[in-house]
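1. the amino acid sequence is not available; the structure is as follows:
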Ligand code: SF4
């Protein structure tokens, strides 16, 4: 892996791999280009593909400049990077030469661990079998494919540029080069029936993929789909239908050997997405590229969500930050509860070590209610939501936060 990278750069930060002392880092790269905008999507991306060569140059400049800034301000130079996620946008538009430049640049200023999980997001309308083979030789070892549905009518509704057949071909091609493959699917489209849902589910299962992400269709404010909702052009499915679909997905995938390890994510043993777990456990993740959000040593930064401004700031010798702020105690606490409940569970011992608060006495009664309602399980000092609980995760989180607040715990909002 990563044979093509220069692993002996003299400019590398002073690295000592002491994994027991310093947790490994994650890296997120945002590639904000798409052939066309899908009308439900609120991720930052533009369709002017002519800017891609410029963007790659500025991205490399940011990696260099941020590495210097990090070396001056933070003590992460003992950490190795064990996950890289190239997301978008449509990163499968990046040619292998540029992927090599990006990975080499990260490896030049930091250290990519030899067992790093390196994911590239791929769109069936912008994927190339030849690229897959080259990506694999460059060290990409996980592909996440935006399938969304195996039904052509649904793909048309979502304004995807690919057909179900193209999605199937992309998966089959990816399977020739990668063991670790994930697909994204969307449920809850207007008019979707149980039979429709079952069709996409069965097709996904038939590929025997190690990882599946299944998202509810969200009418994100500011998207054309949201405008269609407001004007009555589309009619969303009911909450009851949505909950039934969600539980059907969870029950089916769990009965096929998948672990439901986060609200929208299912994995076979050993194939949880390492990179996303870093987000859900509030671990340090460096981020590069327009609109990317990073977290480092209690600070969160976000890059400007605008390619032109991104170019200008870097050109003027600056970092492309929209903001960089230290999280308060309350923010860290709220985030820790919210993110742990939506994924692997809230461990009371870890929480006590981190925040000095004993949740077992404060949440005693609520835990009994959640467990009795089949909304959560409580084992090994960890409160973990069931699929039924995941479906109302926000509601449960707010309830728990209110109880903690009422308990007059010092410093809590
Ligand atoms: S291809 Fe993906 S990132 Fe691009 S507009 Fe569609 S959903 Fe959004």
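-> Ah, there it is. Please read these numbers as outputs of a predicted model, since none were measured by experiment.

2. show me the contacts for the residue nearest the centre of the chain.
-> What sits nearest the mean C-alpha location of the chain, by C-alpha atoms, centre = their mean, is residue 276, with 4.8 Å. By C-beta atoms under 8 Å, 6 or more residues apart in numbering, residue 276 lies in contact with 85, 262, 265. Just so you know, the C-beta spots here come from the backbone N, C-alpha and C atoms, and that holds for glycine as well.

3. try it again with 7 Å
-> Residues near residue 276 by C-beta atoms under 7 Å, 6 or more residues apart in numbering: residue 265.

4. now do residue 282
-> By C-beta under 7 Å, 6+ apart, the neighbours of residue 282 are 295, 335, 336, 339.

5. would you mark the buried spots in stretch 313-321?
-> 313, 314, 320 (16 or more other C-beta atoms under 10 Å).

6. and which of those is nearest residue 221?
-> Closest to residue 221 out of the buried residues of stretch 313-321 is residue 320 (24.9 Å), distances taken as C-beta to C-beta.

7. against the ligand, how distant is that closest one?
-> Distance of residue 320 to the ligand, computed by C-beta to the nearest ligand atom, to the nearest Å: 20 Å.

8. equivalent analysis for residue 182, please.
-> Counting by C-beta to the nearest ligand atom - residue 182 and the ligand are separated by 14 Å.

9. and what of residue 107?
-> From residue 107 to the ligand the distance is 26 Å (C-beta to the nearest ligand atom).

10. quick one: what helix or strand has the closest residue to the ligand within the stretch 151-300 of the chain in it?
-> Across the stretch 151-300 of the chain, the shortest distance to the ligand (C-beta to the nearest ligand atom) belongs to residue 160, at 7.0 Å. Assigned by DSSP states H and E, residue 160 belongs to neither a helix nor a strand.

11. and it, how many neighbours?
-> The tally of other residues near residue 160 (other C-beta atoms under 10 Å) stands at 24.

12. gap between it and residue 90?
-> Distance of residue 160 to residue 90, computed by C-beta to C-beta, to the nearest Å: 11 Å.

13. quick one on the thing from earlier: give me phi/psi at the residue nearest to the centre of the chain?
-> phi -70, psi -30 (degrees, to the nearest 10).

14. same thing with residue 98?
-> According to degrees, to the nearest 10, residue 98 has phi -70, psi -30.

15. so who does it touch?
-> Counting by C-beta under 7 Å, 6+ apart, residue 98 has contacts residue 56.

16. can you pull the pLDDT of it?
-> Here, the pLDDT recorded for residue 98 equals 98.

17. try residue 86
-> At residue 86, the model reports a pLDDT of 98.

18. quick one: residues in contact with the one helix or strand it maps to.
-> Element membership of residue 86, judged by DSSP H and E, is strand 81-88. Around strand 81-88, the neighbours that count as contacts under C-beta under 7 Å, 6+ apart are 24-33, 45, 106, 110-113, 115-121, 274-275, 278.

19. from those residues, which ones fall inside helices?
-> Residues of those located in helices (DSSP state H): 106, 274, 275, 278.

20. now those as CSV including neighbour count and pLDDT?
-> Formatted as CSV, the ones in helices among the contacts of strand 81-88 follow (neighbours: other C-beta atoms under 10 Å; pLDDT from 0 to 100):
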residue, neighbour count, pLDDT
106, 23, 96
274, 19, 96
275, 23, 95
278, 22, 94
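
21. tell me the residues of the protein that contact the ligand?
-> 34, 37, 38, 41, 43, 45, 88, 89, 90, 123, 146 (C-beta under 6 Å from any ligand atom).

22. max pairwise distance over these: which two?
-> Across the residues of the chain next to the ligand (C-beta to C-beta), the longest gap, 13.4 Å, separates 37 and 146.

23. between the two, who's got more neighbours?
-> The neighbour count for residue 37 versus residue 146, taken as other C-beta under 10 Å, is higher for residue 146 (25 against 15).

24. what's opposite that one in the beta bridge?
-> Legend: beta-bridge partners of residue 146 under DSSP bridges are residue 184.

25. just to revisit the earlier point, pull out the buried residues from the residues of the chain next to the ligand.
-> Judged by 16+ other C-beta under 10 Å, buried ones among the residues of the chain next to the ligand: 34, 38, 41, 45, 88, 89, 90, 123, 146.

26. make CSV from the buried residues of stretch 313-321 and add secondary structure and distance to residue 384 to it.
-> Formatted as CSV, these follow (DSSP: H, G, I helix; E, B strand; the rest coil; distance: C-beta to C-beta, whole Å):
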residue, secondary structure, distance to residue 384
313, helix, 42
314, helix, 43
320, coil, 38
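
27. quick one: which of those is nearest residue 226?
-> For the buried residues of stretch 313-321, the nearest to residue 226 is residue 320 (28.0 Å; C-beta to C-beta).

28. for the closest one, give me the pLDDT.
-> For residue 320, the model assigns a pLDDT of 98.

29. same deal with residue 410?
-> Predicted confidence (pLDDT) for residue 410: 52.

30. mind listing what the nearest residue to residue 223 once chain neighbours are set aside touches?
-> Excluding its sequence neighbours, the residue lying closest to residue 223 (C-beta to C-beta, 6 or more residues apart in numbering) is residue 42, at 5.4 Å. Residues in contact with residue 42 (C-beta under 7 Å, 6+ apart) are 220, 222, 223.

31. hmm, the first one is touching residue 226, no?
-> Right, the one you point to is residue 220. Yes: judged on C-beta atoms under 7 Å, residue 220 makes contact with residue 226 at a distance of 6.0 Å.
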